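Chemist: Okay, structure incoming, though there's no sequence with it:
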């Protein structure tokens, strides 16, 4: 977390909409990735991400320590996305952009790897996707346990199982394409 973010959070808590707008700008990709990991649908993710920031703005006064803002925001994002899933009660599928922009082989390869990974994440259970994305976002096991309100041993187990499943899915994908 950057020291400027702490100042922005303090100013936003005092009612500065400009400060909160800067916070949204700084954390929109983080919230989007977290929510998308659960919903696996771009349109719903955009709607839920907006709702996350509305909830964060309304609850900002309750944040006790500005340094915990990223995990606090991740918890709001996770819970809001899970509530959305429960309210929708339907299966979500990954939407892949139909347009491809290939500049050179390296970019093409990187794009294919990203699409393979997105596709593989879509095959994970919701629980495994959440721990994987939160870990990829840089949260340690203890923080993930707090965000998801589960024991740290469960985080370890889910992350291990998710990695094994991802490895198998990606190996299967590579084997099918060769």
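Modeler: Sure thing, it's come through. Nothing here was measured: the structure is a model prediction, and the numbers come from that model.
Chemist: Pick out the least confidently modelled helix or strand of this structure, by mean pLDDT.
Modeler: In the chain, no helix or strand scores lower on mean pLDDT, DSSP states H and E than helix 105-123, which sits at a mean of 60.
Chemist: For the chain, which segments count as helices?
Modeler: 3-13, 17-39, 42-59, 69-88, 105-123, 126-136, 141-148, 152-177 (DSSP state H).
Chemist: will you turn these into TSV that also has mean neighbour count?
Modeler: All C-beta spots, glycine's among them, are computed from the backbone N, C-alpha and C. Below are the helices of the chain laid out as TSV (neighbours: other Cβ atoms under 10 Å):
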stretch	mean neighbour count
helix 3-13	16
helix 17-39	19
helix 42-59	17
helix 69-88	19
helix 105-123	14
helix 126-136	21
helix 141-148	19
helix 152-177	14
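Chemist: Would you single out the least confident of the ones you listed?
Modeler: Note on the helices of the chain: lowest mean pLDDT is at helix 105-123, with a mean of 60.
Chemist: For the most centrally placed residue in the chain, give me its contacts.
Modeler: In the chain, the residue lying closest to the centroid (Cα atoms, centre = their mean) is residue 34, at 1.2 Å. Neighbouring residues of residue 34 by Cβ atoms under 8 Å, 6 or more residues apart in numbering: 74, 77-78, 81, 133-134, 137.
Chemist: now residue 32
Modeler: Contacts of residue 32 (Cβ under 8 Å, 6+ apart): 45-46, 49.
Chemist: okay if I get these as a markdown table plus distance to residue 169?
Modeler: Output for these, formatted as a markdown table (distance: Cβ to Cβ, whole Å):
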| residue | distance to residue 169 |
| --- | --- |
| 45 | 21 |
| 46 | 26 |
| 49 | 26 |
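Chemist: Which single one of the residues you listed is nearest to residue 20?
Modeler: Of all those, the one sitting nearest residue 20 is residue 49; the distance, using Cβ to Cβ, is 14.7 Å.
Chemist: Quick check: the gap between that closest one and residue 75.
Modeler: Separation of residue 49 from residue 75 (Cβ to Cβ, to the nearest Å) stands at 15 Å.
Chemist: cool, residue 125 as well?
Modeler: Distance of residue 125 to residue 75, given as Cβ to Cβ: 20 Å.
Chemist: Next, residue 137: phi, psi?
Modeler: phi -80, psi 0 (degrees, to the nearest 10).
Chemist: wait, isn't it in contact with residue 33?
Modeler: Yes: with contact defined as Cβ atoms under 8 Å, residue 137 reaches residue 33; the gap is 6.5 Å.
Chemist: Kindly state the domain boundaries assigned to the protein.
Modeler: Domains of the chain are assigned by automatic domain parsing as 1-90, 96-178.
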